[in-house]
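Q: sequence and predicted structure are below.
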Amino acid sequence: MGYKRIRAIISGGGTGGHIFPAVSIAKELKAVNPDTEILFVGAEGKMEMEKVPAEGFRITGLPINGLQRQLNLHNVIANMKLPFKFMGSIRKAGAIIDEFRPDIAIGVGGYASAPLLMAAVRKNIPSLIQEQNGFAGLTNKMLAPKVQKICVAYEGMERFFPADKIVLSGNPIRPSMHPYGEAERLEGLRSLGFDESKKHILVVGGSLGCGTLNNAMKTWIEAGCPGGEDVEVLWQCGRGYKKGIDEFMLGRSLPSIQYSDFIARMDLAYAMADVIISRSGASSVSEICAAGKAAVFVPSPNVAEDHQAHNAMALVRKGAALLVKDADAATALMPTALELVHDAARTAELEKNALALALPSAARTIVDEIYKILDDEGE
């Protein structure tokens with residue numbers, strides 16, 4: 001396939017889970033042809049307006065907000081303004097398209113992508129969307145009839161999208177996520193000062209942290225860490241929770257537990273882990289599969305369409321992960337993870353089944369679909 005120079009506009013964000021796949025696609029587009037020009041479109045004031053420029057790409061923002069689901073006066077007023085912001089965003093998106101003149105528009109989901117893709121299809125710009133979750137988001141369901149291709153990460157997405165448009169691509173992930181060998185496991189343990197003879201659990205609540213996972217850890221620590229005599233834990237508590245965890249850990253001598261607000265070398269953290277405890281956002285699930293790791297997922301109940309539960313269940317049904325409900329995590333999470341980490345056969349089974357579900361070449365698959373669309377349009 002010839003990768004000619006193109007102009008691509010990529011939209012998505014408003015929430016963090018959409019930013020990394022978008023950047024991954026952009027990097028792959030530049031990898032196949034460094035002369036390709038890329039413009040990102042995001043939501044004003046959201047994290048993509050910082051994260052995308054930090055990756056070396058240009059971004060412009062739309063005055064769009066997501067639907068506020070919690071009922072209070074502030075949110076009711078914000079939701080009343082939403083239709084006007086949406087129409088204003090479509091107009092601005094149209095002006096951006098007229099100025100940039102893209103060959104293709106790419107949407108990665110999230111409310112920031114809806115106005116841009118709607119403006120693009122109105123102007124007959126070839127378009128592709130990527131759905132990261134096992135339960136399709138509202139934006140992508142709305143756009144599906146109007147775009148040329150829909151790249152998905154899970155099987156069975158025909159219940160949301162036209163079957164003839166679906167491509168099973170997987171989610172773009174960091175290239176450092178792959179099955180780790182013994183040398184990488186030992187490097188991870190030694191870099192953290194862990195005991196190579198013990199079992200290891202990684203608790204990762206994301207850079208912002210996860211109150212449910214942190215509270216489960218605190219409950220277990222307060223109980224005296226039962227079942228953890230031969231286990232060491234690496235705990236990413238998140239910057240929003242670090243001060244409170246510092247106060248909680250004050251005066252407690254627990255050398256088997258290391259915690260921090262952020263883990264810079266997540267590849268080494270994955271490499272050293274026998275079991276990973278995590279939320280089940282799309283990127284986290286895809287990375288765990290790519291690394292071939294045994295995981296206990298705790299789906300967040302505070303996301304649209306309960307998509308984290310659908311993501312986790314896609315693995316649970318295939319014997320590739322365990323699930324603990326958010327409401328049960330305080331008492332059930334650490335006992336479940338500890339039982340798993342001590343069961344070598346079960347751990348190995350989850351690792352094998354998770355790796356079998358990995359689609360590590362997602363970014364290249366999506367880029368190939370982009371070029372196929374452009375080739376078809378050029379015929």
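A: Yep, it's here.
Q: quick check, central residue of this structure?
A: Compute the mean C-alpha point of the chain, and by C-alpha atoms, centre = their mean the closest residue is residue 283, 2.6 Å away.
Q: elements contacting the helix or strand containing that residue?
A: When elements are assigned from DSSP states H and E, residue 283 belongs to helix 282-291. Helices and strands in packing contact with helix 282-291 are listed as helix 19-32, helix 266-272, strand 275-278, helix 307-316, helix 344-356; criterion 3 or more C-beta pairs under 8 Å, 6 or more residues apart in numbering; DSSP states H and E. Every C-beta, even on glycine, is put in place using the N, C-alpha and C of the backbone.
Q: count of residues packed around residue 155?
A: The local packing of residue 155 (other C-beta atoms under 10 Å) involves 12 other residues.
Q: you'd agree residue 38 is in a helix?
A: No. With DSSP: H, G, I helix; E, B strand; the rest coil as the criterion, residue 38 is strand rather than part of a helix.
Q: that one against residue 56, yeah?
A: No. No contact is recorded between residue 38 and residue 56 when judged using C-beta atoms under 8 Å, the distance being 9.8 Å.
Q: after the lowest-mean-pLDDT helix or strand in the chain, heading C-terminal, what element do we hit next?
A: For the chain, using mean pLDDT, DSSP states H and E, the weakest element among its helices and strands is helix 73-100, scoring a mean of 72. Scanning forward in sequence from helix 73-100, with DSSP H and E defining helices and strands, the next element found is strand 104-107.
Q: other residues contacting that following strand?
A: Here strand 104-107 makes contact (C-beta atoms under 8 Å, 6 or more residues apart in numbering) with 6-12, 22, 25, 97, 113-114, 116-117, 120-121, 125-130, 139-140, 143, 147, 370, 373-374.
Q: which of these fall in helices?
A: In this view, those that belong to helices under DSSP state H are 22, 25, 97, 113-114, 116-117, 120-121, 139-140, 143, 370, 373-374.
Q: hmm, which of the residues you listed is lowest in pLDDT?
A: Between the ones in helices among the contacts of strand 104-107, the one the model trusts least by pLDDT is residue 139, at 82.
Q: quick check: chain neighbours aside, which residue is closest to that one?
A: On the basis of C-beta to C-beta, 6 or more residues apart in numbering, the spatially nearest residue to residue 139 that is not a chain neighbour turns out to be residue 114, at 4.5 Å.
Q: how close does the one you found sit to residue 62?
A: In this view, residue 114 and residue 62 are 9 Å apart by C-beta to C-beta, to the nearest Å.
Q: contacting residues for residue 40?
A: The contact partners of residue 40, by C-beta under 8 Å, 6+ apart, come to 9-11, 22, 26, 48, 52, 57-60.
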